[in-house]
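> predicted model follows, preceded by the sequence.
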Amino acid sequence: MSPVSRTESFAPSKHQREGRITPTAIAIVAGLAFFSVACAPVETAVVAEPGQAFTLALGKTASVKGSDVRLTFKDVRTDSRCPVDVQCVWAGEAKIGVVTSGNGTPEETQILSLTPPNNEARAGNLRIRFVGLAPVPRQADAGNPRAYVAQLIVDQP
């Protein structure tokens with residue numbers, strides 16, 4: 001048997017020269033597509049139990065059990081809370097935007113503050129209370145982006 005030169009070993013096959021897609025190539029592409037979808041992370045839905053505190057990550061939505069109300073943690077408007085590793089004269093403030101919808105009410109962005117009485121809003125017959133925001137600020141993290149998580153309570157007043 002004669003040795004194959006390097007240029008011959010990389011020559012295009014008959015199917016490649018003719019522009020055909022082989023059944024093997026189709027199977028490989030289909031398999032890769034299946035595994036990329038099958039391995040994609042599955043988001044779990046946040047379901048808020050009325051009267052119980054729950055956490056909601058920035059950009060995520062929660063549905064309220066027993067109603068068609070949905071809450072989306074839209075953004076952090078301000079976060080001037082005193083860092084835990086600093087002694088401050090004032091505790092500071094945090095305000096978030098929460099989009100509410102459902103119960104026959106139009107979608108609305110409501111601004112909630114950590115400081116009462118501005119920490120409450122209404123969505124239909126439900127009261128939404130903003131009770132916490134994580135992570136707490138640290139002086140060493142100043143200016144760095146944060147993966148915010150709001151703590152809320154939804155109940156009927």
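Received, thanks.

> in its sheet, what does the helix or strand harbouring residue 108 sit against?
Per DSSP states H and E, residue 108 falls inside strand 105-113. Strand 105-113 pairs in its sheet with strand 94-102 (antiparallel), by DSSP bridges.

> residues making contact with the strand it pairs with?
64, 67-81, 107-114, 121, 123-124, 128, 130, 133, 148, 150, 152 (Cβ atoms under 8 Å, 6 or more residues apart in numbering). Any C-beta I mention is one placed from the backbone N, CA and C, and that applies to glycine too.

> could you redo the last one with a cut-off of 7 Å?
For strand 94-102, contacts defined as Cβ atoms under 7 Å, 6 or more residues apart in numbering pick out 67-79, 81, 107-114, 121, 123-124, 128, 130, 133, 150.

> just the buried residues from these, in ChimeraX please.
Buried members of those, defined by 16 or more other Cβ atoms under 10 Å, are picked up in ChimeraX with:
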select :67,69,70,71,72,73,74,79,81,110,112,113,114,121,123,128,130,133,150
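
> quick one: which of the contacts of strand 94-102 sit in strands?
Mapping the contacts of strand 94-102 onto strands (DSSP state E) picks out 70-79, 107-113, 121, 123, 128, 130, 133, 150.

> domain assignment for this protein?
By the assignment in automatic domain parsing, the chain contains the domains 6-38, 46-155.

> please identify the most buried of those domains.
domain 46-155 (a mean of 15; mean count of other Cβ atoms under 10 Å).

> circling back to that earlier point, and the strand holding residue 108, how far out from the chain middle?
18 Å (Cα atoms, centre = their mean, to the nearest Å).

> cool, stretch 56-75 as well?
Distance, centroid of stretch 56-75 to centroid of chain: 11 Å (Cα atoms, centre = their mean).

> returning to what we had before: which stretch in the domains of the chain has the least confidence?
Looking at those, the lowest mean pLDDT belongs to domain 6-38 (a mean of 53).

> ok, now which ones touch the closest residue to residue 53 other than its chain neighbours?
Once flanking residues are discounted, residue 53 sits nearest to residue 153: 5.1 Å by Cβ to Cβ, 6 or more residues apart in numbering. Contact partners of residue 153, counting by Cβ under 7 Å, 6+ apart, are 52-53, 129, 131.

> format the residues you listed as CSV; extra columns: distance to residue 86.
CSV is the format used below for the contacts of residue 153 (distance: Cβ to Cβ, whole Å):
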residue, distance to residue 86
52, 33
53, 27
129, 27
131, 23
